[in-house]
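J.: Turn this into a model:
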Amino acid sequence: TEYRIVKADRLRSLTVGIFSKLGMPQGDAEKMGEILVDADLRGVFSHGTRFVPIYTQWIRDGWVKLNPQIKIVAESTVTAAFEADDALGHLVSVKAMEHCIEKAKQHGIGAATVANARHCGAMAYYSQMAANAGCIGHAVTNGGVLMAPYGGIDPTIGLNPLSWAVPTNKPWSVNLDMATAVVAAS
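T.: Residues are numbered from 1 along each chain as shown. Below you'll find the predicted structure:
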């Protein structure tokens, strides 16, 4: 197999350009480029820019909205429930984590749920947002029924990937991003 090395900045620019040409607002396209390239730089190629053609098709098929009406539909002092309106999950997950960080800074904890979002990529990006803000971050999503129970052969259990990120007194944080199966689905 022949491989081509592409610098991260160039890959980010290409990704942003593709989403922009599809009609995605510029800020959202830039965020998508940042998140997808971040996964590639972490070595999580299964959830990085390789998804661009898939997301492109979803947008063309109308399965993903380019201008969703993302909103909070329920909220308490430390929680929020987001309605994603068929947005790419990356975009609403960033909003939800930003909201959680704000609540955590004010009240010691923040938690959010997201409904009606599409694929959101690798969880590490969102938990790392919290660690970068000095908070402990946790991000989880449902991943479809892809696993068989121990001893079984038929998939009946959701993959449900998760990530934890914890700030340290060093220039880096600790971030665990994992599938709950032997391998992540790709």
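J.: Going by C-alpha atoms from here, please, whenever you check contacts or count neighbours.
T.: Noted.
J.: What ranges does this protein have for its helices?
T.: According to DSSP state H, the chain carries its helices in the segments 8-21, 26-41, 52-60, 89-107, 124-132.
J.: who does the longest one touch, helix- and strand-wise?
T.: Which is helix 89-107. helix 26-41, strand 79-87, strand 111-117, helix 124-132 (3 or more CA pairs under 8 Å, 6 or more residues apart in numbering; DSSP states H and E).
J.: What residues sit buried inside the longest one?
T.: Pointing back at helix 26-41 there. 28-40 (16 or more other CA atoms under 10 Å).
J.: for stretch 49-60, same thing?
T.: Thr49, Phe51, Val52, Tyr55, Ile59.
J.: Against Met123, how distant is the second one?
T.: Put plainly, it is Phe51. Distance, Phe51 to Met123, by CA to CA, to the nearest Å: 15 Å.
J.: what do you get for the fourth one?
T.: Using CA to CA, one gets 17 Å for the distance from Tyr55 to Met123.
J.: again, but for the third one
T.: Remark: distance between Val52 and Met123 (CA to CA) = 17 Å.
J.: Quick check: closest non-adjacent residue to Ala115.
T.: Leaving aside its sequence neighbours, Ala115 sits nearest to Glu83 (CA to CA, 6 or more residues apart in numbering; 5.1 Å).
J.: Give the residue farthest from the middle of the protein.
T.: Gly151 (31.3 Å; CA atoms, centre = their mean).
J.: Could you report the pLDDT at that residue?
T.: For Gly151, the pLDDT comes out at 91.
J.: Run a quick neighbour tally on Ser13.
T.: 15 (other CA atoms under 10 Å).
J.: How about Ala112?
T.: 20.
J.: Tell me the spacing between it and Ala87.
T.: Counting by CA to CA, the separation of Ala112 from Ala87 is 16 Å.
J.: and what of Gly108?
T.: 29 Å.
J.: who has more neighbours, those two?
T.: For Gly108 versus Ala87, the count of surrounding residues by other CA under 10 Å is larger for Ala87: 25 against 12.
J.: what residues are up against the more buried one?
T.: Applying CA atoms under 8 Å, 6 or more residues apart in numbering to Ala87 gives the contacts Val64, Lys65, Leu66, Asn67, Pro68, Ile70, Asn116, Ala117, Arg118.
J.: Next up, the contacts around the third one.
T.: Counting by CA under 8 Å, 6+ apart, Leu66 makes contact with Gly23, Met24, Pro25, Ile59, Ala87.
J.: Trp69: what's it in contact with?
T.: To be clear, residue 69 is Gln; Trp isn't right here. So Gln69 contacts Ala84, Asp85 (CA under 8 Å, 6+ apart).
J.: For Ala81, see how far away the nearest residue to Gly110 once chain neighbours are set aside is.
T.: Nearest residue to Gly110 in three dimensions, chain neighbours excluded: Cys100, at 4.3 Å (CA to CA, 6+ apart). Relative to Ala81, Cys100 is positioned 11 Å away (CA to CA).
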